[in-house]
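S.K.: quick one, what's the 3D model for this:
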Amino acid sequence: MHPLVLTISTGKCGTTFLEKTFKENFENETNWISHEYLRQHVANVGVYHRCYTTPCQQEMINSEIEDLLNKWKYISATGPVVDFGWTMRSLVPYFYEKLGQQFKVIYIHRHPMYVAASLRLVGSYSDFNSPQ
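M.R.: Alright, predicted model coming up:
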(Lines give C-alpha, C1' and ligand atoms only; values in the text may rest on other atoms or scores of the structure.)
Protein backbone atom coordinates (compact mmCIF):
# COMPACT_ATOMS: atom_id res chain seq x y z
CA MET A 1 0.00 0.00 0.00
CA HIS A 2 1.19 3.48 -0.85
CA PRO A 3 1.03 6.35 1.64
CA LEU A 4 -1.94 8.62 2.15
CA VAL A 5 -0.55 12.09 2.87
CA LEU A 6 -2.24 15.23 4.13
CA THR A 7 -0.08 18.30 3.64
CA ILE A 8 -1.87 20.64 6.00
CA SER A 9 -1.41 24.25 7.00
CA THR A 10 -3.10 27.21 8.60
CA GLY A 11 -4.06 28.41 5.14
CA LYS A 12 -2.33 30.95 2.91
CA CYS A 13 0.89 28.90 2.97
CA GLY A 14 1.42 27.87 -0.66
CA THR A 15 -0.64 24.69 -0.85
CA THR A 16 -2.26 25.73 -4.14
CA PHE A 17 1.20 26.11 -5.66
CA LEU A 18 2.28 22.72 -4.29
CA GLU A 19 -0.81 20.98 -5.66
CA LYS A 20 -0.30 22.46 -9.13
CA THR A 21 3.39 21.53 -9.11
CA PHE A 22 2.70 17.95 -8.03
CA LYS A 23 -0.06 17.56 -10.63
CA GLU A 24 2.18 18.87 -13.43
CA ASN A 25 5.05 16.58 -12.48
CA PHE A 26 3.61 13.47 -10.86
CA GLU A 27 -0.09 13.01 -11.63
CA ASN A 28 -1.11 9.84 -13.45
CA GLU A 29 -3.98 7.35 -13.45
CA THR A 30 -2.60 5.41 -10.46
CA ASN A 31 -2.44 8.18 -7.85
CA TRP A 32 -4.48 11.01 -6.33
CA ILE A 33 -3.41 14.63 -5.98
CA SER A 34 -5.88 17.25 -4.78
CA HIS A 35 -6.17 20.60 -3.07
CA GLU A 36 -8.67 20.93 -0.23
CA TYR A 37 -10.81 18.17 -1.71
CA LEU A 38 -13.21 18.22 1.23
CA ARG A 39 -14.43 21.73 1.80
CA GLN A 40 -14.41 23.40 5.21
CA HIS A 41 -18.16 22.92 5.74
CA VAL A 42 -17.70 19.13 5.42
CA ALA A 43 -14.73 18.70 7.79
CA ASN A 44 -15.74 21.56 10.15
CA VAL A 45 -12.18 22.50 11.05
CA GLY A 46 -13.17 25.25 13.47
CA VAL A 47 -15.51 23.01 15.45
CA TYR A 48 -13.38 19.84 15.47
CA HIS A 49 -9.86 21.29 15.52
CA ARG A 50 -8.71 19.01 18.38
CA CYS A 51 -10.95 16.00 17.89
CA TYR A 52 -9.00 13.22 19.63
CA THR A 53 -11.71 11.29 21.46
CA THR A 54 -13.95 8.63 19.96
CA PRO A 55 -17.21 10.46 20.81
CA CYS A 56 -15.90 13.65 19.20
CA GLN A 57 -14.79 11.76 16.09
CA GLN A 58 -18.13 9.96 15.81
CA GLU A 59 -19.85 13.33 15.90
CA MET A 60 -17.49 14.76 13.28
CA ILE A 61 -17.56 11.93 10.72
CA ASN A 62 -20.12 12.04 7.93
CA SER A 63 -20.75 10.09 4.73
CA GLU A 64 -18.57 12.38 2.59
CA ILE A 65 -15.59 11.82 4.87
CA GLU A 66 -16.12 8.05 4.99
CA ASP A 67 -16.62 7.84 1.20
CA LEU A 68 -13.39 9.75 0.60
CA LEU A 69 -11.45 7.59 3.05
CA ASN A 70 -12.69 4.41 1.32
CA LYS A 71 -11.83 5.84 -2.09
CA TRP A 72 -8.32 6.75 -0.88
CA LYS A 73 -7.79 3.26 0.52
CA TYR A 74 -8.67 1.81 -2.87
CA ILE A 75 -6.43 4.22 -4.81
CA SER A 76 -3.49 3.68 -2.43
CA ALA A 77 -3.20 0.10 -3.69
CA THR A 78 -1.79 1.48 -6.96
CA GLY A 79 -0.28 4.84 -6.02
CA PRO A 80 0.16 7.53 -3.40
CA VAL A 81 -2.65 9.81 -2.30
CA VAL A 82 -1.85 13.45 -1.48
CA ASP A 83 -4.12 16.32 -0.50
CA PHE A 84 -2.82 19.83 0.11
CA GLY A 85 -4.51 22.52 2.18
CA TRP A 86 -6.03 23.37 5.52
CA THR A 87 -9.59 22.04 5.27
CA MET A 88 -8.89 18.50 6.49
CA ARG A 89 -6.59 19.15 9.43
CA SER A 90 -9.35 18.29 11.90
CA LEU A 91 -9.40 14.77 10.37
CA VAL A 92 -5.76 13.97 11.23
CA PRO A 93 -6.47 12.03 14.47
CA TYR A 94 -9.32 10.09 12.85
CA PHE A 95 -7.35 9.21 9.70
CA TYR A 96 -4.40 8.10 11.81
CA GLU A 97 -6.68 5.84 13.84
CA LYS A 98 -8.12 4.29 10.66
CA LEU A 99 -4.91 4.08 8.59
CA GLY A 100 -2.06 3.73 11.08
CA GLN A 101 1.44 3.95 9.62
CA GLN A 102 0.10 4.25 6.07
CA PHE A 103 -1.10 7.77 6.95
CA LYS A 104 1.44 10.59 6.82
CA VAL A 105 1.14 14.27 7.67
CA ILE A 106 3.28 17.13 6.51
CA TYR A 107 2.58 20.44 8.23
CA ILE A 108 3.70 23.60 6.52
CA HIS A 109 3.47 27.09 7.89
CA ARG A 110 4.17 30.68 7.11
CA HIS A 111 4.98 33.61 9.36
CA PRO A 112 1.73 34.38 11.25
CA MET A 113 1.81 38.08 10.39
CA TYR A 114 1.88 37.32 6.65
CA VAL A 115 -0.96 34.83 7.06
CA ALA A 116 -3.04 37.35 9.03
CA ALA A 117 -2.38 40.06 6.44
CA SER A 118 -3.36 37.76 3.59
CA LEU A 119 -6.54 36.68 5.38
CA ARG A 120 -7.41 40.32 6.04
CA LEU A 121 -7.08 41.11 2.34
CA VAL A 122 -9.71 38.49 1.47
CA GLY A 123 -12.08 39.74 4.17
CA SER A 124 -11.73 36.96 6.71
CA TYR A 125 -11.90 39.32 9.68
CA SER A 126 -14.84 41.44 8.56
CA ASP A 127 -16.94 39.82 5.83
CA PHE A 128 -17.83 36.49 7.42
CA ASN A 129 -19.94 35.73 10.47
CA SER A 130 -19.41 31.99 10.68
CA PRO A 131 -18.96 29.93 13.86
CA GLN A 132 -16.05 28.30 11.99
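
S.K.: CA only for contacts and neighbour counts going forward, please
M.R.: Fine.

S.K.: for the residue positioned nearest the centre of the chain, give me its contacts.
M.R.: Nearest residue to the geometric centre of the chain (CA atoms, centre = their mean): residue 88, 3.0 Å. With contacts defined as CA atoms under 8 Å, 6 or more residues apart in numbering, the neighbours of residue 88 are 6, 8, 36, 38-40, 43, 45.

S.K.: go again with 7 Å.
M.R.: By CA atoms under 7 Å, 6 or more residues apart in numbering, the contact set of residue 88 is 38, 43, 45.

S.K.: turn the residues you listed into a markdown table, columns for pLDDT, neighbour count and secondary structure.
M.R.: Formatted as a markdown table, the contacts of residue 88 follow (pLDDT from 0 to 100; neighbours: other CA atoms under 10 Å; DSSP: H, G, I helix; E, B strand; the rest coil):
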| residue | pLDDT | neighbour count | secondary structure |
| --- | --- | --- | --- |
| 38 | 96 | 18 | coil |
| 43 | 91 | 21 | helix |
| 45 | 89 | 20 | coil |
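
S.K.: so what pLDDT did the residue nearest to the centre of the chain get?
M.R.: Taken from the predicted model, the pLDDT recorded for residue 88 is 94.

S.K.: after the helix or strand where residue 19 lies comes which helix or strand?
M.R.: Residue 19 is located in helix 15-26, with elements delineated by DSSP states H and E. Using DSSP H and E, the helix or strand that follows helix 15-26 in sequence is strand 32-35.

S.K.: show me what that next one is packed up against.
M.R.: helix 15-26, strand 81-85 (3 or more CA pairs under 7 Å, 6 or more residues apart in numbering; DSSP states H and E).
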